[in-house]
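Participant: Okay, predicted coordinates and the sequence, questions at the end:
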Amino acid sequence: MLFDTTDECRKQVRAEVEDHAKNAVDGELLETTIQELDEIATHYQVEGCNIDNLKLVEMNANTIKFQLHGSVDCQLQYGSDGDYARGDGVRIDDNYPLRCDLVADIADPLKLSVEGLRVDNSSFYE
């Protein structure tokens, strides 16, 4: 019963950290210009991120650091809104891999800041 309780606590902690990580990355994607998306479309809209892997990479007396691999769901628009309304533009839903680090003060481990966010748009060119 002790091991079952330990496993359940571990699952709950992981789920909570993943929720906070997703919220932090979603916020970063919405608040900043994503160069890799900006260079492949006239306009783009971020719809959210998906987490494939969240790994604890460092924990010391001051900080905790996670490495995140996932993907970003987005809508790419070619042409202006007016072009689109007239039928001369197009909007395409797409998805691209992303990676970043999430860092927090050890005293407040769920207040995560996003560092080094990179979106891999190489599949666009294939």
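Facilitator: Happy to help now that I have it.

Participant: what's the next secondary structure element after the longest helix anywhere in the chain?
Facilitator: Counting residues, the longest helix in the chain under DSSP state H turns out to be helix 2-31. The C-terminal neighbour of helix 2-31 among helices and strands, as given by DSSP states H and E, is helix 35-38.

Participant: Name the residues of that following helix that come out as buried.
Facilitator: Buried residues in helix 35-38, counting neighbours by 16 or more other C-beta atoms under 10 Å, are found at 36-37. Every residue, glycine included, has its C-beta placed from N, CA and C.

Participant: Show me what stretch 106-117 is in contact with.
Facilitator: The set of residues that contact stretch 106-117 without belonging to it, under C-beta atoms under 8 Å, 6 or more residues apart in numbering, is 16-17, 20-21, 24-25, 27-29, 32, 34, 59-64, 66, 98-105.

Participant: in the helix or strand harbouring I64, what's buried?
Facilitator: Assigned by DSSP H and E, I64 belongs to strand 63-78. When neighbours are counted by 16+ other C-beta under 10 Å, the buried residues of strand 63-78 are found to be 64-66, 68, 70-72, 74, 76-77.

Participant: And stretch 26-42, by the same measure?
Facilitator: In terms of neighbour count (16+ other C-beta under 10 Å), stretch 26-42 has its buried residues at 26, 28-29, 34, 36-37, 40-41.
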